[in-house]
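Participant: turn this into a structure:
(one chain, ligands or ions: 1)
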Amino acid sequence: MKFVIVVGDGMADEPQARLGGRTPLQAAATPNADRIAGAGELGTVLTVPEGVAPGTDTAFFGIMGYDVKTQYTGRSPLEAAAMGIVLPNGHTAFRCNLVSVTPGVELINAHMLSHSGGQVGGRKGRDIMAWLNGQPRFSRRLRELDMTLYPGSAYRHIMTLGPKHSEPADAKHLRLTPPHEFLGEKVAAHLPEGGLADLVFEVAALANEILPDHPYNREKAQGEGLQANAVWLWGQGSRPQFMPWAEKFGVSGSVISAVPLVKGIGFLCGLSVVEVEGATGELDTDYDGKADAAIRALKGGDDFALVHVEAPDECSHNGDLFGKVEAVARFDAMLGRILRGLDSLDEGYRLLLLSDHCTMVRTRAHASGAVPYVLYDSGRDEGKVRTYDEKSAFEAGTALESAVQLVPRLLKGG
Ligand SMILES: [Zn+2]
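Facilitator: Got it, this is the predicted structure:
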């Protein structure tokens with residue numbers, strides 16, 4: 001028996017006037033999802049419990065069988081895991097954005113101009129952070145503070161804090177504003193608060209003193225465009241205590257996704273993370289490559305594969321309604337390729353199809369509420385004619401209060 005989860009990120013949405021009152025899932029051609037919705041169990045599931053912010057990270061806790069309310073410790077430990085950083089107990093991880101602030105003034109008097117360093121490129125962002133890491137003044141101070149900088153890609157990097165001068169509880173009481181939440185506003189109005197606030201701001205201010213000397217920023221200072229001239233720490237947390245899937249469920253498997261958060265959750269579950277060249281997290285991602293990677297992993301002996309596609313969510317955040325419809329259609333074609341691959345194996349399989357959370361094109365933001373799911377068993381056919389969308393799933397009658405029960409049912413049946 002093989003087991004597969006296929007997630008279309010943020011696919012679920014509300015009816016759209018521009019689609020004649022249909023949702024993107026209703027408007028897109030989804031013959032493969034429709035077929036298994038008719039053959040399998042169709043319903044709605046609350047992937048993120050009430051009172052928890054809907055996000056890919058919080059939704060995936062439930063989808064992977066963990067309780068987000070008791071086990072969630074922040075997003076940066078998940079991103080750190082995706083970068084292969086094994087965060088020891090007692091250490092705290094921070095998301096460290098390479099940002100743009102007003103040049104030529106002290107950080108405290110600057111405005112936050114860009115949370116992405118003026119859209120600094122992947123390799124360039126990494127180079128700038130590696131350079132910062134190599135500046136003696138900066139590296140010496142980080143060592144004294146028991147901190148480590150891990151250059152990632154573009155504007156996304158990780159910093160960790162060891163236990164030398166702090167307790168993990170100090171980091172829990174630290175309040176840090178994500179830089180994308182105060183774009184164009186004064187840094188002084190969004191300073192870190194709580195224990196360790198001074199330490200966090202000192203690191204950001206020191207980076208802001210040094211970064212303008214990087215050749216990339218010197219060049220920007222002479223010409224046009226924003227400098228990547230400061231760092232901003234946020235999203236801190238300790239390593240979540242996950243029982244690995246091998247122990248929890250007795251299965252091995254792979255995770256296929258372009259998104260660091262999802263990869264990190266995969267690592268923490270003890271699953272293999274398969275890199276697919278051409279997986280971009282956007283509309284032009286390599287759908288066939290992802291489907292083929294999943295089938296290859298299953299043929300190679302894995303019991304389980306998770307395939308995650310970010311494109312519908314990305315289009316929603318961009319307010320691109322027709323892009324979202326196209327992303328859903330391409331996602332469905334990928335689902336078809338996965339189903340054909342599974343049908344070519346000599347054994348039965350069960351597949352869970354769902355949207356991790358709703359993302360509204362109207363607000364360009366995630367939203368709470370139940371999402372449609374299908375639990376399909378290749379050995380069963382309900383023989384119904386149904387479509388995979390919000391309305392049809394609601395009418396089917398099965399309304400699960402939590403996603404935590406889905407994986408055990410996927411793996412054990414029933
Ligand atoms: Zn998501």
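Participant: please count neighbours and contacts with C-alpha atoms only from this point.
Facilitator: Will do.
Participant: can you map out the strands along the stretch 101-250 of the chain?
Facilitator: For the stretch 101-250 of the chain, the strands defined by DSSP state E, counting those that start in this stretch occupy 112-114, 147-153, 156-161, 230-237.
Participant: any part of the strand or helix carrying His308 near the ion?
Facilitator: Applying DSSP states H and E as the criterion places His308 in strand 304-309. No - Strand 304-309 does not reach the ion (CA under 5 Å from the ion); its nearest approach is 9.1 Å.
Participant: packing partners of that strand?
Facilitator: strand 2-8, strand 253-256, helix 287-299 (3 or more CA pairs under 8 Å, 6 or more residues apart in numbering; DSSP states H and E).
Participant: what lies in contact with the second one?
Facilitator: Contacts of strand 253-256 with the rest of the structure, by CA atoms under 8 Å, 6 or more residues apart in numbering, involve 263, 266, 271-276, 290, 293-294, 297-298, 302-308.
Participant: just the buried residues from the residues you listed, in PyMOL please.
Facilitator: Paste this into PyMOL to select the buried members of the contacts of strand 253-256, with burial taken from 16 or more other CA atoms under 10 Å:
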select buried, resi 263+266+271+272+273+274+276+290+293+294+297+298+302+303+304+305+306+307+308
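Participant: SS state for Leu345?
Facilitator: Assigned with DSSP: H, G, I helix; E, B strand; the rest coil, Leu345 falls in the coil class.
Participant: any idea of the pLDDT on it?
Facilitator: Here, the pLDDT recorded for Leu345 equals 94.
Participant: in this protein, what residue lies closest to the ion?
Facilitator: Thr56 (3.4 Å; CA to the ion).
Participant: looks like that residue contacts Cys358 (just checking).
Facilitator: No - with contact defined as CA atoms under 8 Å, Thr56 does not count as touching Cys358 (10.0 Å).
Participant: neighbour count for these two, which is higher?
Facilitator: The neighbour comparison of Thr56 against Cys358 (other CA atoms under 10 Å) goes to Cys358, with 25 against 22.
Participant: pretty sure the more buried one is touching Asp13, no?
Facilitator: Yes - Cys358 is within contact range of Asp13, at 5.5 Å (criterion: CA under 8 Å).
Participant: could you check the angle the strand or helix carrying Ala93 makes with strand 156-161?
Facilitator: Counting by DSSP H and E, the element that carries Ala93 is strand 92-101. Going by axes from the mean of the first three to the mean of the last three CA atoms, to 10 degrees, strand 92-101 is angled at 130 degrees with respect to strand 156-161.
Participant: for strand 92-101, name the packing helices and strands.
Facilitator: helix 76-82, strand 112-114, strand 156-161, strand 230-237.
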